[in-house]
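Student: this one's structure only:
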């Protein structure tokens, strides 16, 4: 049975990558595409916007009016829009895959609470490779973490508006949880001036923004005499889009609950 997919943020970079993946997919079909209410592209065929030819789906500003036309929403938009969409999906019992980043702690809690009413997948990154790295980071932290300084480096394109990236933060959360540390109190976001000696319990973050970098992440475990680095480099957004569609197909078969890509990939 073909799963009907809606995309929020369809005219953005990730939205176009999702459209490209769905245009060639055998088990999923794009039926609704939502863009910014003020966009000059409203009414355009989204297949043409993504460069894959006409798909017969036009860009609309209204998700609620089309809630009977999809089974799962994939949302890569803004925190405010995603929270609004999550409430609608919970009301209608529709699946929701969230790739939006930049939520405040309160917004994240509100979003995750909707998992009580509908199948909800929330992940900082939908790449299969990144999620494999998260599994490896848990192991590396348990083996090396107490004897190593831990630093997280990430680089993205000049247009990214939040920092550190959601993926870098998730990597920090995985490492901190494995070591029984509180990331909120141990994270160091950049250094300047006379910072003093480094505390072993700190988890450092370094952020680079520039050019068209899709996404680079490296976590370093720096011990005396050796270091281990776990790195993921993305060369195309299609890897993220492919993973998000995989999550949507998986989510369409699930009961209400809060899930992430570790569940989708059976990496628990």
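Tutor: Now that the structure is in, tell me what you want to look at. Every value quoted in this text rests on a predicted model; they were computed, and no experiment measured them.
Student: And the strands in the chain, which stretches?
Tutor: 3-8, 28-34, 59-60, 72-75, 95-98, 119-122, 149-156, 187-189, 203-209, 215-223, 226-234, 257-259 (DSSP state E).
Student: How many residues are close by the residue lying closest to residue 18 once chain neighbours are set aside?
Tutor: For residue 18, ignoring the flanking residues on the chain, the nearest one in space by C-beta to C-beta, 6 or more residues apart in numbering is residue 241 at 4.6 Å. Just so you know, the C-beta spots here come from the backbone N, C-alpha and C atoms, and that holds for glycine as well. By other C-beta atoms under 10 Å, the residues close to residue 241 number 26.
Student: can you give me the angle the biggest helix by length in the chain makes with strand 203-209?
Tutor: Criterion DSSP state H: the longest helix present in the chain is helix 128-144. Using axes from the mean of the first three to the mean of the last three C-alpha atoms, to 10 degrees, one finds that helix 128-144 and strand 203-209 are set 150 degrees apart in direction.
Student: Identify the residues contacting residue 132.
Tutor: 265, 267 (C-beta atoms under 8 Å, 6 or more residues apart in numbering).
Student: Isn't the residue nearest to residue 18 up against residue 12?
Tutor: No - taking contacts as C-beta atoms under 8 Å, residue 241 lies outside contact range of residue 12: 11.5 Å.
Student: so what's residue 37 scoring on pLDDT?
Tutor: Residue 37 carries a pLDDT score of 88 in this model.
Student: same thing with residue 171?
Tutor: On the pLDDT scale, residue 171 is placed at 97.
Student: Renumber starting at 598 from here on
Tutor: Taking 598 as the first residue, the last one we looked at is residue 768.
Student: Let me see the contact set for it.
Tutor: 730-731, 734, 749, 814, 816.
Student: got the residues you listed as JSON lines, with neighbour count, pLDDT and distance to residue 625 columns?
Tutor: Output for these, formatted as JSON lines (neighbours: other C-beta atoms under 10 Å; pLDDT from 0 to 100; distance: C-beta to C-beta, whole Å):
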{"residue": "730", "neighbour count": "22", "pLDDT": "96", "distance to residue 625": "26"}
{"residue": "731", "neighbour count": "25", "pLDDT": "96", "distance to residue 625": "25"}
{"residue": "734", "neighbour count": "23", "pLDDT": "98", "distance to residue 625": "30"}
{"residue": "749", "neighbour count": "25", "pLDDT": "98", "distance to residue 625": "33"}
{"residue": "814", "neighbour count": "24", "pLDDT": "98", "distance to residue 625": "27"}
{"residue": "816", "neighbour count": "26", "pLDDT": "98", "distance to residue 625": "32"}
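Student: In a markdown table, list the residues you listed along with distance to residue 660.
Tutor: Compiled in a markdown table, those are given as follows (distance: C-beta to C-beta, whole Å):
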| residue | distance to residue 660 |
| --- | --- |
| 730 | 33 |
| 731 | 30 |
| 734 | 35 |
| 749 | 35 |
| 814 | 31 |
| 816 | 36 |
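Student: Out of the residues you listed, flag the one nearest to residue 603.
Tutor: Using C-beta to C-beta, residue 731 comes nearest to residue 603 of the contacts of residue 768, at 27.2 Å.
Student: sorry, back to before: what's the most buried one of the strands of the chain?
Tutor: strand 692-695 (a mean of 29; mean count of other C-beta atoms under 10 Å).
Student: what lines up beside that strand in the sheet?
Tutor: Using DSSP bridges, strand 692-695 pairs in its sheet with strand 669-672 (parallel), strand 716-719 (parallel).
Student: now the ones you listed as CSV including mean pLDDT and distance to residue 767?
Tutor: Output for the strands paired with strand 692-695, formatted as CSV (pLDDT from 0 to 100; distance: least, C-beta to C-beta, whole Å):
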stretch, mean pLDDT, distance to residue 767
strand 669-672, 98, 17
strand 716-719, 98, 10
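Student: got those strands as JSON lines, with distance to residue 659 columns?
Tutor: Output for the strands paired with strand 692-695, formatted as JSON lines (distance: least, C-beta to C-beta, whole Å):
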{"stretch": "strand 669-672", "distance to residue 659": "13"}
{"stretch": "strand 716-719", "distance to residue 659": "22"}
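Student: All good on my end, thank you.
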